[in-house]
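Enquirer: Quick check, what structure comes out for this input:
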Amino acid sequence: IKKLLNKNYKLYLTVHTNEELVKIKEKYIKYKNVECFKLDVLNKEDKNKLKSLDIDILISNAAISYGGSISELPIEKLRENFEVNVFSNFEIAQIVLKNMIKKDKGKIIMISSLSGLVPLKFIGGYSATKASIIKLTETLRSEIKLISKNIKIVLVEPGMYHTGFNQYMLENKY
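Expert: I've put the predicted structure just below:
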């Protein structure tokens, strides 16, 4: 983001909660090209905000995880994992793609994980969602190539980084 802040780009930065919104607005207050807003990926009204935006590049990375054995993980938690990590990311991609297809230009970057390729014990639900993102992104890429050479679908599969998310995921047990 730092490289883009002083360029001639319009940046939309989204966060999950109103509390996070206050913090991020303070952090980027001096940048006129940055607009921050709350985007709860499970909230229809929040997602509808995206319909009116002209987005050239979408980085789709909403994710949650519950640790624990698949044999004990409550199905409601697994369902929530898929709702946030898979369905919401692709619903947002569909919203943004409509405008990209109209203008025949854009890029969608889907964030998956190496755990989608090599599942890890006790975060199997998370690994399963990331495997789904991989396959859906690969399919979307091949479909979009049929209608446009100017819309790119990119898949990123990072490993473990010290962001706090991985530590929380491994330490929490639903």
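Enquirer: neighbouring contacts of the helix ranked longest in the chain?
Expert: Counting by DSSP state H, the longest helix found in the chain is helix 124-145. Helix 124-145 has contacts (Cβ atoms under 8 Å, 6 or more residues apart in numbering) with 63, 65-66, 69-70, 73, 77-78, 81-82, 85-86, 89-90, 93, 97, 108, 110-113, 115-117, 119-120, 151, 153, 155, 157, 169. Bear in mind the C-beta positions are built from the backbone N, C-alpha and C, glycine included.
Enquirer: Mind giving me the PyMOL select for the residues you listed, buried ones only?
Expert: Restricted to buried positions by 16 or more other Cβ atoms under 10 Å, the PyMOL selection for the contacts of helix 124-145 reads:
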select buried, resi 63+65+66+73+77+78+81+85+86+89+90+93+97+108+110+111+112+113+115+116+119+151+153+155+157+169
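Enquirer: what about residue 87, neighbour count?
Expert: 16 (other Cβ atoms under 10 Å).
Enquirer: for the chain, what spans make up the strands?
Expert: 11-15, 34-38, 57-60, 106-111, 151-156 (DSSP state E).
Enquirer: With mean pLDDT added, can I get these in CSV?
Expert: Output for the strands of the chain, formatted as CSV (pLDDT from 0 to 100):
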stretch, mean pLDDT
strand 11-15, 95
strand 34-38, 95
strand 57-60, 96
strand 106-111, 97
strand 151-156, 98
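Enquirer: Pick the most buried one from those.
Expert: Among the strands of the chain, strand 106-111 has the highest mean neighbour count (mean count of other Cβ atoms under 10 Å), at a mean of 20.
Enquirer: now the residue nearest the centre of the chain: how far from residue 43?
Expert: The centre of the chain sits closest to residue 61, judged by Cα atoms, centre = their mean, with a distance of 2.1 Å. According to Cβ to Cβ, to the nearest Å, residue 61 and residue 43 sit 17 Å apart.
Enquirer: What are the phi and psi values at the residue nearest to the centre of the chain?
Expert: Residue 61 adopts backbone torsions of phi -140, psi 20, taken as degrees, to the nearest 10.
Enquirer: show me the contacts for residue 62.
Expert: 16, 41, 84, 85, 88, 89, 92.
Enquirer: How about it: what's its closest non-neighbour residue?
Expert: Distances taken as Cβ to Cβ, 6 or more residues apart in numbering put residue 41 closest to residue 62, at 4.5 Å, once the chain neighbours are dropped.
Enquirer: any low-confidence regions in this structure?
Expert: 1, 160-174 (pLDDT under 70).
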